[in-house]
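A.B. asks: what's the 3D shape of this:
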Amino acid sequence: EVQLVESGGGLVQAGGSLRLSCAASGFIFEDYAISWFRQAPGKEREGISCISGSDSSTVYADSVKGRFTISSENAKTTVDLQMNSLKPEDTAVYYCNAQRVSVQSWGQGTQVTVSS
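C.D. replies: Predicted structure coming up:
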């Protein structure tokens, strides 16, 4: 069973940094793409970054490119999202997602609040 557990959220001032972690278990990491999504109040969930389990290639949404970095750590049992130069508009619940073909699994989410 795929299990994803996010951690590292919190309250930070604009311009600050946070590092989110997604502890992944129950699946073969190399067979999946692991992504971070976020959902702000009243808005749709949006994908912001993805890392391929097979070749570690990465993709970023324009809204976070140059500020956020996704990486896999600890023999590919965690996927981290380093978030720098945070803005109030980055405030959202951040979710980890594991996808293989049409099968998706989600974590419970972690709240990130950026104060101005």
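A.B. asks: ok, for Ser7, nearest residue in space, not its chain neighbours?
C.D. replies: Ser21 (5.1 Å; Cβ to Cβ, 6 or more residues apart in numbering). For glycine as for every other residue, the C-beta is placed from the backbone atoms N, C-alpha and C.
A.B. asks: In three-state terms, label that neighbour for me.
C.D. replies: Here Ser21 is strand, with the state taken from DSSP: H, G, I helix; E, B strand; the rest coil.
A.B. asks: helices and strands around the helix or strand that contains Gln104, which ones?
C.D. replies: Following DSSP states H and E, one finds Gln104 within strand 103-106. If contacts are counted by 3 or more Cβ pairs under 8 Å, 6 or more residues apart in numbering; DSSP states H and E, strand 103-106 sits against strand 3-7, strand 92-100.
A.B. asks: average pLDDT across the last one?
C.D. replies: This points to strand 92-100. For strand 92-100, mean pLDDT rounds to 97.
A.B. asks: out of the helices and strands packed on strand 103-106, deepest packed?
C.D. replies: Of all these, strand 92-100 has the most neighbours on average by mean count of other Cβ atoms under 10 Å, namely a mean of 21.
A.B. asks: How about residues contacting that strand?
C.D. replies: Strand 92-100 has contacts (Cβ atoms under 8 Å, 6 or more residues apart in numbering) with 2, 4-6, 9, 20, 22, 24, 27, 31-40, 43, 45, 47, 79, 81, 104-107, 109-112.
A.B. asks: Contact partners for the most centrally placed residue in the chain?
C.D. replies: What sits nearest the mean C-alpha location of the chain, by Cα atoms, centre = their mean, is Trp36, with 2.7 Å. By Cβ under 8 Å, 6+ apart, the residues touching Trp36 are 20, 22, 47-50, 70, 79, 81, 94-97.
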